[in-house]
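>>> How does the following fold in three dimensions:
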Amino acid sequence: ATFIVSYFVRRNIELRGLSRDSGTVSLGVRHQLTFGGGESRPPSERRVRPLISEITVAAPDAAAEATARAEIKLESGDEFDFLELQRDVDRIREAFHELGFLEARVRTRRVESDDARSVAIEFRIERGPRTVLEFSGFVAPAGLIAELEGAWHKNVFDQFLIDDLTNRVRGYLVEHHELASVVVGRIDQPSADVKRLRIDVTPGATVTDREVRFTGNVEIPADRLQAEIVAAGLEIEGWLDRTLVERTLRQVYNEEGFLKAEIA
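Model prediction:
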């Protein structure tokens, strides 16, 4: 995760702190200069919330429109509240997901009146195809299926979808002590309005436990290296991609001054 924190000392002076996922941080100062004779609003003046004048739904058919309208809590005449609008969007999306449309997209458009006292809201529904998740060679538990379905709508492209979901299945198998399983995913369309993701699993070796052993670590003890793996969140991912562990441990040695350390 990358975190950005901004603090406005004055309306035109901003202090910004940035913490990147690579571990680096930066600080910055921004000073906004305004040229011209425009009038600025007094700091104490607050904008009055506009009233909702109209709510419309653009959907592919009447059934999709009815599903969306059943989840909208905002009404004409209410004060506009962005958080309430976002909650309506989330409810509509979840309703379509429960109906099996995991690629449903919900967008909104706002049109303010000239005097900014009212606003019209439009919900745009892209329902997408009905989605089917199918397994072969593996009986997926309900918790894993829920996780995969929750991740489905976050992937825009099919290849990203296949990579993400198959990697989650591999991680589940490693977590439950099944190593070297072969997990292959593919997408097909059995009909024009149905998209199916089929995940084929060839089980690997079942083990009673997993452990990481170190050799050649004369200067840095094994418990420190193990702690670094845990801190990097690689207890499972490291079994799927060893280069992640190599890169993490190489960074540890570099920070200790061993710039030519080799990790394999």
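
>>> how many other residues sit next to Leu74?
17 (other C-beta atoms under 10 Å). Glycine gets a C-beta too; all of them are placed from N, C-alpha and C.

>>> Check Ile199 too.
The number of residues packed near Ile199 is 21, by other C-beta under 10 Å.

>>> elements contacting the host helix or strand of Arg198?
Here Arg198 is covered by strand 194-202, with elements defined by DSSP states H and E. Packing partners of strand 194-202 (3 or more C-beta pairs under 8 Å, 6 or more residues apart in numbering; DSSP states H and E): strand 130-136, helix 158-175, strand 182-191.

>>> strands paired with the helix or strand following the longest one, and their directions?
If I follow you right, that is helix 158-175. Next in sequence after helix 158-175, counting helices and strands by DSSP H and E, comes strand 178-179. When pairing is defined by DSSP bridges, strand 178-179 lines up against strand 205-206 (antiparallel).

>>> elements contacting the very next helix or strand once past the partner strand?
For strand 205-206, the succeeding helix or strand toward the C-terminus, using DSSP H and E, is helix 222-231. For helix 222-231, the packing partners by 3+ C-beta pairs under 8 Å, 6+ apart come out as helix 242-255.

>>> Nearest to the spatial middle of the protein, which residue is it?
For the chain, the residue nearest the mean C-alpha position is Lys154 (6.0 Å; C-alpha atoms, centre = their mean).

>>> Would you mind giving me the confidence score for the closest residue to it other than its chain neighbours?
Closest residue to Lys154 apart from its sequence neighbours, by C-beta to C-beta, 6 or more residues apart in numbering: Asp164 at 7.8 Å. Asp164 is assigned 94 on the pLDDT scale.

>>> Ok, Val48 next?
Predicted confidence (pLDDT) for Val48: 79.

>>> what are the phi and psi angles of the spatially closest residue to Gly128 that is not a sequence neighbour?
Nearest residue to Gly128, sequence neighbours excluded (C-beta to C-beta, 6+ apart): Glu103, at 3.6 Å. Per-residue torsions, Glu103: phi -100, psi 10 (degrees, to the nearest 10).

>>> Just confirm Glu103 contacts Lys154, I think it does.
No. If you go by C-beta atoms under 8 Å, Glu103 and Lys154 don't touch, sitting 10.3 Å apart.
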